[in-house]
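**Q** with the input below, show me the fold.
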Amino acid sequence: MLSLSLQVQRPWRRTGLKPPAPAALAVLLALALLALARLTPPPHHPLHPLPASSPPAPWQEVAAPLSRGRAPSGRVPVLQEQPHGRGRRQRRGAAGDAPPWFSDDDLQKMQLLASGQVVSKTRIPAHGQVLRVGLQAIGDAGRDSAPERDCQDGHCGLIKRPRDLYEVLAFHLDRVLGLNRSLPAVARRFTSHLLPYSYTNGSLRPIIWWAPDLQHLEDANNDQNSCALGWLQYQEMLRPHGPMPADGDAPCSSIPRGEWSRLALFDFLLQVHDRLDRYCCGFEPDPSEPCMEEMLHEKCRNPAELVLVHILVRRSAPSRLVFIDNAGKPQHPEEKLNFRLLQGIDSFPASAVATLRSGRLQSLLLESLRVDRELWESHGGAEGLRPLLRTIDRRARILLRHIREHNLTVFEDTSQQ
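**A** Got it, this is the predicted structure:
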């Protein structure tokens, strides 16, 4: 202790100053220890959480859980993107990662259709109960709305009849198979005061995204086509070395044969007759079929009179077909399957055929349909949807048998997007 006291005093002797009093030295030592304690946190000290008012990460959104109760009208899972790895962003949905067959653009359009506020409505001439509505996305409340401009900006949808709900399943089938030719669609219940009561009475309706640049013929009697194509012309186009359509018919001449293969496969699984066989020439129709009521079936005796309908492309992609009006016939009996839809098709996209052969079509469709909460719950979930999916799966097996028995080929699809 004595030696310590001497060591402390020596520096003061060298400076010529008097050593501090013992009491003052004790105070200095205490202050030094206190400062050191404040600079060094005690071990195992827990990190403080951010205050409740702290903002979330810039790209983070709230995801609505699928498993609890009923969501607000028509809600699909909201994407949640969180930091992941080195600067990567992981897309998240309410039930986990969004299925890989949906693009970011698909998910954004589905969210707009499912939860966008209806800000305008327009009747579609000669289309009965179909309404075109302008939609305002959540967060766009300050955005000025004008019906025509909204539609040109991609903020419109078509509300169709409750019996057209099959179009939502068709959209999911299209994406699961990697065709990517149909427009995004969701099931939704509407409450907007702008809509007629028949649209807000609680019934579930499909709403399909309105593509602003669909190419339509100027002919008022044939405005549901991008090009006028007859059945005999179409069959000639499908021949391996057949000529393309007549010169000057730009929209049709730009459509490669692979597009017709995608359309035929899709229409066969759904039994959509309106495009390739609106006259019901490939099966014996019931008297209640539109082709019978409109006396179209009688024209089957003269193939030169038969035309294709709803053959559409977009101005931004004139070489790719757009599949619209895909409700099809979920109850069409197996013994009446329309094989005329496949006539002239000698190859199919390899990726779609591989999915059909995998034996996982039903499970993939269930994974996809789970995203559309309104459709999922209204049909009783997986158990309620399985009969419908089994029908699609049986048609897929019949199509595979057709491919095998006719020794048809597959082609690598390099233009799925």
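
**Q** can you give me the helices in the chain?
**A** 2-15, 22-39, 104-115, 147-152, 166-176, 197-200, 231-238, 250-253, 257-270, 290-293, 350-357, 361-369, 373-378, 381-405 (DSSP state H).

**Q** residue 122: which of the ones you listed is closest?
**A** Residue 122 lies closest to helix 147-152 among the helices of the chain, at 6.0 Å (C-beta to C-beta). Where C-beta positions appear, they are placed from N, C-alpha and C, glycine not excepted.

**Q** against which helices or strands is that closest one packed?
**A** strand 117-123, strand 131-136 (3 or more C-beta pairs under 8 Å, 6 or more residues apart in numbering; DSSP states H and E).

**Q** the longest one pairs with which strands?
**A** Applying DSSP bridges to the sheet, strand 117-123 is found paired with strand 131-136 (antiparallel).

**Q** what sits up against the partner strand?
**A** Strand 131-136 has contacts (C-beta atoms under 8 Å, 6 or more residues apart in numbering) with 112-113, 116-124, 143, 145, 147, 150-151, 155-159, 194-195, 199, 207, 210.

**Q** ok, back up a step: most tightly packed of the helices of the chain?
**A** Ranked by mean neighbour count under mean count of other C-beta atoms under 10 Å, the helices of the chain are led by helix 166-176, which reaches a mean of 24.

**Q** and the angle from that helix to helix 381-405?
**A** Following axes from the mean of the first three to the mean of the last three C-alpha atoms, to 10 degrees, one obtains 60 degrees for the angle between helix 166-176 and helix 381-405.

**Q** okay, angle between helix 166-176 and helix 257-270 too, please.
**A** 130 degrees.

**Q** which strands and helices lie in contact with helix 166-176?
**A** Counting by 3+ C-beta pairs under 8 Å, 6+ apart, helix 166-176 packs on strand 185-188, strand 205-209, helix 257-270, helix 361-369, helix 381-405.

**Q** now for residue 259: which residues touch it?
**A** 181, 319-321.

**Q** sorry, that was for residue 239
**A** Residue 239 neighbours (C-beta under 8 Å, 6+ apart): residue 344.

**Q** next, give phi and psi for it.
**A** phi -60, psi 140 (degrees, to the nearest 10).

**Q** 287 is where my numbering starts, stick with that
**A** Right, with 287 as the first residue, what we last looked at is residue 525.

**Q** per-residue pLDDT, it?
**A** On pLDDT, residue 525 comes in at 89.

**Q** ok, the one 5 residues further on next?
**A** We have a pLDDT of 54 for residue 530.

**Q** kindly report the same for residue 343.
**A** 29.

**Q** quick check: which ranges of this protein have low pLDDT?
**A** With pLDDT under 70 as the threshold, the chain has low-confidence stretches at 287-382, 412-413, 427-433, 506-508, 527-537, 701-703.

**Q** at 90 instead, please
**A** 287-384, 409-415, 424-436, 502-510, 514, 525-540, 699-703 (pLDDT under 90).

**Q** quick check: chain neighbours aside, which residue is closest to the spatially most central residue of it?
**A** Nearest to the mean C-alpha position of the chain, by C-alpha atoms, centre = their mean, lies residue 392 at 3.7 Å. Closest residue in space to residue 392, ignoring its immediate chain neighbours: residue 470 at 5.6 Å, by C-beta to C-beta, 6 or more residues apart in numbering.

**Q** same check on residue 489?
**A** Nearest to residue 489 is residue 448, by C-beta to C-beta, 6+ apart, at 4.9 Å.

**Q** do I have it right that that neighbour meets residue 490?
**A** Yes - using C-beta atoms under 8 Å, residue 448 is in contact with residue 490, at 6.2 Å.

**Q** more neighbours, these two?
**A** residue 490 (18 against 13; other C-beta atoms under 10 Å).

**Q** and the residue nearest to residue 489, what does it touch?
**A** Residue 448 makes contact with 489-491, according to C-beta under 8 Å, 6+ apart.

**Q** need those residues in a markdown table (columns: distance to residue 674).
**A** Output for the contacts of residue 448, formatted as a markdown table (distance: C-beta to C-beta, whole Å):
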| residue | distance to residue 674 |
| --- | --- |
| 489 | 19 |
| 490 | 15 |
| 491 | 18 |
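
**Q** which of those residues lies closest to residue 662?
**A** residue 490 (11.1 Å).

**Q** which residues touch the closest one?
**A** Residue 490 neighbours (C-beta under 8 Å, 6+ apart): 448, 451, 473-475, 660-661, 664.

**Q** relative to residue 461, which of those residues is nearest.
**A** residue 661 (14.3 Å).

**Q** would you mind confirming that that closest one is in contact with residue 471?
**A** No - with contact defined as C-beta under 8 Å, residue 661 and residue 471 do not form a contacting pair (9.7 Å).

**Q** hey, what's in contact with both of those two?
**A** residue 454.

**Q** now residue 621: how far from residue 680?
**A** 12 Å (C-beta to C-beta, to the nearest Å).

**Q** got it, and residue 385?
**A** From residue 385 over to residue 680 the distance is 23 Å, taken as C-beta to C-beta.

**Q** make a ChimeraX selection of whichever of the contacts of strand 417-422 turn out to be buried.
**A** Selection of buried members from those for ChimeraX, criterion 16 or more other C-beta atoms under 10 Å:
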select :398,399,402,404,405,406,407,433,436,437,441,442,443,444,445,485,493,496
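
**Q** contact partners of stretch 673-692?
**A** 455, 459, 551, 554-557, 616, 620, 623, 625, 628, 634, 639, 642-643, 647-648, 651-652, 665, 694.

**Q** at 7 Å instead, please
**A** Here stretch 673-692 makes contact (C-beta atoms under 7 Å, 6 or more residues apart in numbering) with 455, 459, 551, 554-555, 616, 620, 623, 628, 634, 642-643, 647-648, 651-652.

**Q** ditto for stretch 571-585
**A** In contact with stretch 571-585 (C-beta under 7 Å, 6+ apart) are residues 564-566, 591-592.

**Q** what subset of the residues you listed is buried?
**A** The neighbour-count test (16+ other C-beta under 10 Å) marks 564-566, 592 as buried among the contacts of stretch 571-585.

**Q** just to revisit the earlier point, and the gap between the residue nearest to residue 489 and residue 607?
**A** For residue 448 relative to residue 607 (C-beta to C-beta), the value is 27 Å.
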